Each structure stands twice: as structure tokens, then as C-alpha cells.
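> Everything below, folded, please.
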Amino acid sequence: MSKKIINLILQFSLSLVFLFPLASHSQCVSDNNNIVINSDFENGIAPWKPLGNSVNLTASTEQKHSGLASSFVSGRNATWQGPIYNLLNKLSSGQKYCINAWVKWESGASGKIDIVVQKISPSGVTYEIISKEFVASDTWTQLSGIYDYNSSGDETSLKIYVEEPYQPGSSSRHSFYLDDFLITDDRALDQSANNIISETGLNGAIYYVSPFGSDVTNNGTSQATPFKTLQKASNLTEPGDIVYAMDGTYQVQGNKDILHISRSGTASNWIMYAALPGHNPKLKLSKFDAIGVWGADYIVIQGFEIE
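Alright, predicted model coming up:
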């Protein structure tokens, strides 16, 4: 299942169960601080480069996700070959970055495409997969994820590239298109949350939740003593309260939604359920919905990733 980020402001509920994969891309809520030069390929290819001697990168007007052009990646004869971008000295250590791109196979092809960060230092080479998605034939598909950059201080290379994951027995090396490749500082998301707090009267209690917390022994009022389930916090909420979800994966508990919201805020004091700034909570679905809203009004939901 593709990953989506939930961002929802619900003033009047419809007394229904909702599943909210609503945002158009990952936590990159703005491209105002995008660090990628020529991210939309409207001005040719540079500074993007081909990874692989046989690879050709050309600006194409035949296919584009937005604007007038995209990058057409052809001449591939290995899965790892594709477009690559230099990030050395462009990121701040200790900062998380939102990475978002759109890809499309050449006509008739389909399969997975991923985004990988390669870091080289005297201690060796590391690879981190940021996003991997199945891309259907003739369809633009979004790749998005979070990169938590921590510098060792001695990197000699830091690059990001788009490739086809290795598949044993596969000889297919199709061409593909790439467009709208954004890398943004995720403090944009934190600021978005702050704006919502100031605009919706969120000045009540704050509860913290972690999959590694406890609904029995913890009081949920600090990051050191978080509840285990979002439901435990939700059952305590009053108008103006905030429920912050910390890093980790939240799953269905028994035959229920992960979070069933039935307590309302007010017009001047909403209730917000959000990712704790700097965190990336995930909701893992089974046969039940991630979040159900029944008869609750004035609710803000922001920053949850659906798996």
C-alpha cells in the first residue's frame, strides 16, 4: 500500500468512519525551502547527472507531471542506474528532510522504483532507501519519505538517486520519467502545526503517545511517560487539548480502529491529534480503518503516515 500523510481539519463531522489518506504528498508541506536546483527540469537537466556510463538524461516535453517538462531516463542496463544528485554540504546534521518526487515508466512498463541516499566516508559506504513504490504502467506515481541526516563529519560523498530495485532473474531495464523532485527541511511541517495551534485555540492539556509507552503505568503528560495507544489519550481529551504521537508504528488493538474519536472540541477550542514535531508516526492498517470519527466536531488531524 502506498504511504500517505493524514492532514485534516474537521469542523463538523458526518457521524461516519473515515480513512484519511488526504495529503497530496509527504510531510513536505511547502516547496518554498526546496534545496534541489532545477527540481522540475524546466531548465534542462543540470545539475542532475547520469548514474551509469550508458545512462542518458534528457529533458522531455512528451511527459510531465507538472509544468512543461520532465527528465527522461534512458539507456539503463542495470537496476541501480538512473539520475543522481549531489547533496554533499547541502544538508544540516541532525535535521530531518522531506523527500518527494514523481515517476512514470515508459509506455507499457511497470514495476517498483525507489529513492536511495548513498553516503561515503572513510568507514565505508552506506545506502538508505527513502521510498519504494510500485509504479503502474502509464501512471505518474509519487515517491515520498523522510531522511534523517546525521553527519559523521568526514563524509566524502553524499548523493541521492532514483533506481529500480534489484529483482533476481529480471533482465528488464526500462526507461522512466522523473519530475518535481523536492527536498525540504521538515521544519515547514512544525511551523504548519504551530499555525494550526494559534488559529484553533489549542491551549489545554497535552498528551503524548508512543508504541513503547504504557496505558497502565504512565500518565501520558510527558515524553518520558507516554501512553501506549492513541485511544487512551483520546478518551481523556477535552476542548483545547493536543494529542502528540511519537515515532513508531501504531496498530489496530482488537476489533477496533486504531483511533476512534468521539469527543468534540468547540469553535474556540479545538482538539488536535498530530505527529510530535520532528517525529514520523505510522498507522498500520489491517481490515479496520486507521481513524474513525463518530459525531465529533472541531477536530484537527495532522502528520500521520498510513502503511
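
> what stretches of the stretch 201-307 of the chain score poorly on pLDDT?
201, 254-255, 286-289 (pLDDT under 70).

> Strands of that one, residue ranges please.
206-209, 242-245, 248-251, 259-261, 271-275, 281-284, 291-293, 299-306 (DSSP state E, counting those that start in this stretch).

> what's the helix or strand for Ile113?
Counting by DSSP states H and E, the element that carries Ile113 is strand 111-121.

> For that strand, which helices and strands make contact with it?
strand 95-105, strand 124-135, strand 141-149, strand 157-163 (3 or more C-beta pairs under 8 Å, 6 or more residues apart in numbering; DSSP states H and E). No exception for glycine: its C-beta is placed from N, CA and C like everyone else's.

> quick check: angle from the strand or helix carrying Thr184 to strand 141-149?
Using DSSP H and E, Thr184 falls within strand 176-185. Between strand 176-185 and strand 141-149, the angle comes out at 40 degrees (axes from the mean of the first three to the mean of the last three C-alpha atoms, to 10 degrees).

> Pro211 contacts Gln253, doesn't it?
No: the pair Pro211 and Gln253 does not pass the contact test of C-beta atoms under 8 Å, sitting 11.0 Å apart.

> returning to that earlier point: may I see the buried residues of the strand holding Ile113?
Within strand 111-121, the residues that qualify as buried by neighbour count (16 or more other C-beta atoms under 10 Å) are Gly111, Ile113, Asp114, Ile115, Val116, Val117, Gln118, Lys119.

> Least confident of those residues?
Minimum pLDDT for these is recorded at Gly111 (90).

> Can you name the residues bridging to that one?
Residues in a beta bridge with Gly111, per DSSP bridges, are Val135.

> Likewise for Lys159?
Going by DSSP bridges, Lys159 forms beta bridges with Asn86, Gln118.
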